[in-house]
Each structure stands twice: as C-alpha cells, then as structure tokens.
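Trainee: Need a 3D model of the sequence below.
(chains A, B and C)
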Amino acid sequence: MKITKKFFSRSALEVAPDLIGCVLMRRMEKGKILKGMIVETEAYLQADPACHAYKGITKRNEVMFGPAGFSYVYFIYGVHYCFNVVTGLEGQGEAVLIRAVDFSYEKKINENDDNDDNEGNSYDIRIAAGPGKLCKFLNIDKSLNAKPLFLPFNDISIVNNPKKNMADSLVQCPRIGIKLAKDYLWRWYLKGNKAVSRF
DNA sequence: CTGAGGATCCTG
DNA sequence: AGGATCCTCAGC
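Mentor: Reported below is the predicted structural model:
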C-alpha cells in the first residue's frame, strides 16, 4: 500500500513505529537518488514536555501545527540539523523524528540512465546512524523545511518498501537526548539493525 | 537587546 | 566528560 498524506494524518504514536522499514528517498546533486530504510524513529506530541510544540506555536515550530506529511527541519546545538515528519490533524503540533536510516544496500541510480546494472554501491552501515548524521549525509538543511514528503517525489519523499518484512521485530524504549518526559517509551528501532544510533 | 539552552556528535 | 557553535525564544 502506498504511503499517502492519510498515512501521516494519524497520531505520531502510530506513525512512528509504522515508519520503521519504510524507504526514505532523496534527490542529490547530478540527479543521483539515494534510498535507505528507516530503522529508528521517535514520536513527539503536543501535550509532551519534550516536544517543541509543547508551549504553543512559534515561528520555528509552526510547520508542526500544519497538515500532516510535511517535513519539519530544525537546527540544534549550532552544529546539526534534525529531520522530522509532521503527523496528526492540522492544528495539532506533533511530529516524528527520523533518527536513523540504513543505506548499506543503497544502489546508485542515474535518472538519465536506463540500464539497471548499477554497481552495488554500499555505504558505511553507520553513515546515517543518528539524526544529525542523517541530515549531513543527505544534505538536509532549513531549505528542506515544510516540504511534502508524500508522492510525487521531488526533493525528498518517504515511500513504501515492497520488501519490508512485517515479521521484523521492533524495540520500544525511552527517547534519547531529552531532559523532560524521559520515561515515555516513544522511541522505536529495528531490532538487530546496525544502523540504529544506540542500542 | 540580551542571554540561556538545545530531539547531537566526536574526541579524549 | 567536554566542547563546538548558532539559532530561537523568552524576558526585560
């Protein structure tokens, strides 16, 4: 089943685990397209002290209150960007943080090249093991804020993975790097995957 | 205008 | 355990 806007228009608590195993697709320079499997996510709800939307709408977080399926990119610690998908109903400030993506089986694709004998292009398993590393690898910055992530594919999209193994087991655990609401079990990752930021 | 703090990551 | 490094927001 295709990932549509409707897929994202549910609670972040449902979308976050469902995103594990889905494909993140990014258009790079020279028409190169990178595809990786999402292996780690975290949910942030408006009524959640750790959420950027907790204290209401601001210029930074306004996209979180908009329609679902759009990107929310923010800059943190003067060093890194983090990439989120807005979820839930319009007017609700919530999102899912994409924490890690597995690009180890990435195949290079040239748009103007029809032959599919691409060399298997294998990236380091931990090239995107963490939200900051993911954005660095995919060249994601504020210019990618508030972009639609459902199809049609333009700069960046989240799409279904036909090879997703529904039997894979997920680990549910506390979120990382937050001061408040440390006990909420709102982080999910693919059990046994080496691209996960922390085990 | 000012200052504090942050959904990280790398080094030692 | 600490530092990099700068944007954002609240407070005055």
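Trainee: burial count for residue A:176?
Mentor: 15 (other C-beta atoms under 10 Å). The way it works is simple: take the backbone N, C-alpha and C, and place the C-beta from them, glycine included.
Trainee: wouldn't it be in contact with residue A:99 here?
Mentor: Yes: using C-beta atoms under 8 Å, residue A:176 is in contact with residue A:99, at 7.5 Å.
Trainee: shared neighbours of these two, anything?
Mentor: A:42, A:187, A:197 (C-beta atoms under 8 Å, 6 or more residues apart in numbering).
Trainee: Within reach of DNA strand B, which of the residues you listed are there?
Mentor: Applying C-beta under 7 Å from any atom of the strand, the subset of the shared contacts of residue A:176 and residue A:99 adjacent to DNA strand B comprises A:42, A:197.
Trainee: Surely residue A:35 is in a helix?
Mentor: No: looking at residue A:35 with DSSP: H, G, I helix; E, B strand; the rest coil, it is strand, so not inside a helix.
Trainee: Can you pull the residues of chain A lying near DNA strand C?
Mentor: A:55, A:56, A:58, A:59, A:60, A:61, A:74, A:75, A:77, A:78, A:79, A:142.
Trainee: For residue A:135, which non-adjacent residue is closest in space?
Mentor: Excluding the flanking residues, the one nearest residue A:135 by C-beta to C-beta, 6 or more residues apart in numbering is residue A:81, at 3.9 Å.
Trainee: Pull out the buried residues from the helix or strand that that neighbour is a member of.
Mentor: If you go by DSSP states H and E, residue A:81 is part of strand A:80-86. By neighbour count on 16 or more other C-beta atoms under 10 Å, the buried set for strand A:80-86 is A:81, A:82, A:83, A:84, A:85, A:86.
Trainee: ok, so of these, who is nearest residue A:122?
Mentor: Comparing the buried residues of strand A:80-86 against residue A:122 with C-beta to C-beta places residue A:83 closest, at 22.6 Å.
Trainee: quick one: contacts for the closest one?
Mentor: Contacts of residue A:83 by C-beta under 8 Å, 6+ apart are A:71, A:72, A:73, A:97, A:98, A:131, A:134, A:135, A:138, A:140, A:144.
Trainee: how much space between the residue of chain A found nearest DNA strand B and residue A:134?
Mentor: Closest residue of chain A to DNA strand B, C-beta to the nearest atom of the strand: residue A:177 (1.8 Å). Distance of residue A:177 to residue A:134, computed by C-beta to C-beta, to the nearest Å: 14 Å.
Trainee: cool, and residue A:53?
Mentor: Taking C-beta to C-beta, one finds residue A:53 at 21 Å from residue A:134.
Trainee: again with residue A:65
Mentor: 24 Å.
Trainee: Between those two, which is the more surrounded one?
Mentor: Legend: neighbour count by other C-beta under 10 Å for residue A:65 and residue A:134, higher for residue A:134 (29 against 21).
Trainee: Next up, identify which helix or strand the more buried one is on.
Mentor: helix A:131-138.
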